[in-house]
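K.L.:
Quick one, structure for this:
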Amino acid sequence: MATILRIKRSAVSGNPATLAAGELAYSHLTDNGANGGDRLYIGMGTETGGNAAEHVVVGGKYFTDLVSAATNANTASTIVKRDASGNFSAGTITASLSGTASTATALATGRTISITGDIAYTSAAFDGSGNVTGTGTLATVNSNVGSFGSSSAIPVITVNAKGLITAVSTASISTALSISGNTGTDTVALGVDTLALVGGTGVTTTVTDNQVSFAIGQAVSTTSNVTFNDVTVNGSLSSDDITAANISVAGNATIVGNLTVQGTTTTINSTTIAVGDLNITVAKDATTAAAANGAGLTVNGPTVPATILYASTDDSWNFNKLVKATTFAGALTGNADTATKLATARTISISGDLTWSSGSFDGSANVTAGATLATVNSNVGSFGSSTSVATFTVNAKGLVTAASAAAIPTASTSVLGLASFDSTNFTVTSGAVALTAVDGGVY
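P.N.:
Below you'll find the model as predicted:
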């Protein structure tokens with residue numbers, strides 16, 4: 001079956017009072033010039049209370065009547081159409097025209113064109129019959145004309161916002177250079193005196209190709225190897241690398257940075273060692289467990305030295321002496337000489353959401369007993385049907401604590417529920433809904 005679509009319509013009103021965005025409405029009220037009849041409307045813009053901000057006219061009989069009444073005669077309030085030759089022959093036309101006119105009366109009298117301001121220009125009489133030419137003259141903005149600048153003077157130029165030079169002069173170049181050193185000052189007359197750069201103790205100067213070079217007996221950059229005789233430092237000596245065959249410190253030595261010992265043997269003969277670090281690392285360069293095998297601690301003195309050594313074969317610490325402790329916390333592997341906690345048999349009980357109690361347990365055999373869940377819902381049975389929905393209450397432990405059924409309400413514009421379809425506009429076959437008619441109604 002074909003679907004019938006009917007838009008909103010009226011024979012008694014023009015523009016509808018309410019029109020949703022995108023909704024169409026047609027007024028077939030006979031137009032009288034002011035009632036808005038014979039027009040097709042569409043809602044546009046934001047809706048407020050189901051009504052679009054604008055009701056826009058998009059067509060209707062009113063406009064087709066205008067087209068049908070078009071004529072090439074000069075008739076008031078009527079669309080003018082072209083004649084058989086494609087021309088407008090309706091008489092007088094009042095409007096702005098583009099193109100070439102057969103006649104033009106504005107230039108019947110010749111006119112001149114004048115320009116004033118930064119440039120002065122006046123043309124000859126112009127009536128459109130030919131081109132006109134003339135000479136423009138820039139206005140005078142600088143009265144100081146001539147050449148400016150020399151070997152001892154610099155031009156000083158003033159330019160306005162239009163890029164025009166409004167003033168020009170010169171400024172003398174300084175011919176004297178003041179110089180000073182750690183001691184003494186002087187003035188050098190440029191172009192007359194010679195400025196001499198003289199070296200001091202251990203420093204020589206060389207002038208080549210307009211460049212002055214300073215040199216000492218050896219390179220002293222931050223990466224250079226420098227050789228001096230005896231060096232006396234009265235203050236602090238900071239260095240990132242001091243190389244010597246032997247270094248002996250008669251007094252105390254304080255190392256602020258890191259101390260790296262790269263020899264094969266490090267011997268400490270002090271009687272007290274204090275280490276601030278919370279962890280001492282041995283086998284530092286090992287990258288595998290096998291490479292760290294045997295690392296640990298050895299105490300000399302006993303006939304057989306006491307050791308705590310790491311074994312990579314089973315990833316364990318190994319003590320070769322008896323280990324004694326008042327208490328011990330951790331998992332133990334092996335057989336204990338004695339075990340007193342299970343000397344007396346015990347029972348194990350569970351209460352709360354689950355009730356369970358074991359038999360007597362002393363560790364000699366497994367114990368088994370049945371467990372019972374606590375009752376949390378007294379309303380047992382089946383819930384839900386074609387017209388009702390099952391409802392459940394579940395606690396934080398995932399247990400259903402209540403169960404019931406709620407009737408499905410009849411649907412409305414504000415309530416979800418069971419709904420029926422108007423047989424005038426819809427058909428329902430095996431659950432499939434088909435739209436037979438859409439009627440926008442009248443207004």
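K.L.:
ok, which stretches of this protein are helices?
P.N.:
Along the chain, counting by DSSP state H, helices occupy 61-68.
K.L.:
if you skip the residues just before and after it, what's nearest to the residue nearest the centre of it?
P.N.:
Nearest to the mean C-alpha position of the chain, by CA atoms, centre = their mean, lies residue 46 at 32.0 Å. Among residues not flanking residue 46 along the chain, residue 53 sits closest, at 5.1 Å (CB to CB, 6 or more residues apart in numbering). For the C-beta atoms, the positions are set from N, CA and C on the backbone; glycine is no exception.
K.L.:
isn't the one you found right up against residue 44?
P.N.:
Yes - here residue 53 reaches residue 44: they are 7.0 Å apart, a contact under CB atoms under 8 Å.
K.L.:
These two: who's more crowded?
P.N.:
residue 44 (15 against 11; other CB atoms under 10 Å).
K.L.:
ok, that one - contacts?
P.N.:
21, 52, 53, 54, 55, 56 (CB atoms under 8 Å, 6 or more residues apart in numbering).
K.L.:
now the residues you listed in a markdown table, with pLDDT?
P.N.:
What follows is the contacts of residue 44, written out as a markdown table (pLDDT from 0 to 100):
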| residue | pLDDT |
| --- | --- |
| 21 | 92 |
| 52 | 94 |
| 53 | 95 |
| 54 | 95 |
| 55 | 96 |
| 56 | 95 |
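K.L.:
Weed out the non-buried ones from those residues.
P.N.:
52, 55 (16 or more other CB atoms under 10 Å).
K.L.:
Adding distance to residue 148, write the contacts of residue 44 out as JSON lines.
P.N.:
As requested, the contacts of residue 44 are exported to JSON lines (distance: CB to CB, whole Å):
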{"residue": "21", "distance to residue 148": "74"}
{"residue": "52", "distance to residue 148": "74"}
{"residue": "53", "distance to residue 148": "69"}
{"residue": "54", "distance to residue 148": "69"}
{"residue": "55", "distance to residue 148": "75"}
{"residue": "56", "distance to residue 148": "71"}
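K.L.:
tell me which of the contacts of residue 44 is nearest to residue 287?
P.N.:
For the contacts of residue 44, the closest approach to residue 287 (CB to CB) belongs to residue 21, at 72.7 Å.
K.L.:
quick one: the closest one from residue 232, how far?
P.N.:
Distance, residue 21 to residue 232, using CB to CB, to the nearest Å: 95 Å.
K.L.:
same thing with residue 121?
P.N.:
Relative to residue 232, and taking CB to CB, residue 121 is found at 88 Å.
K.L.:
Compare the two (neighbour count), which wins?
P.N.:
Neighbour tally, residue 121 and residue 232, criterion other CB under 10 Å: the higher count belongs to residue 121, 13 against 4.
K.L.:
I'd like the distance from the more buried one to residue 109, if you could.
P.N.:
The gap separating residue 121 from residue 109 is 21 Å, by CB to CB.
K.L.:
what's the answer for residue 403, then?
P.N.:
Residue 403 is 105 Å from residue 109, where distance means CB to CB.
K.L.:
between these two, which one's more packed in?
P.N.:
Comparing residue 403 with residue 109 by other CB under 10 Å, the one with more neighbours is residue 403, at 17 against 8.
K.L.:
Read off the pLDDT value for the more buried one.
P.N.:
Looking at residue 403, its pLDDT stands at 85.
K.L.:
Let me know whether it touches residue 394 as I believe.
P.N.:
No - taking contacts as CB under 8 Å, residue 403 lies outside contact range of residue 394: 10.0 Å.
K.L.:
need the contact list for the residue lying closest to residue 180 once chain neighbours are set aside.
P.N.:
Spatial nearest neighbour of residue 180, excluding adjacent residues (CB to CB, 6+ apart): residue 186 at 7.7 Å. With contact set as CB under 8 Å, 6+ apart, residue 186 has these partners: 178, 179, 180.
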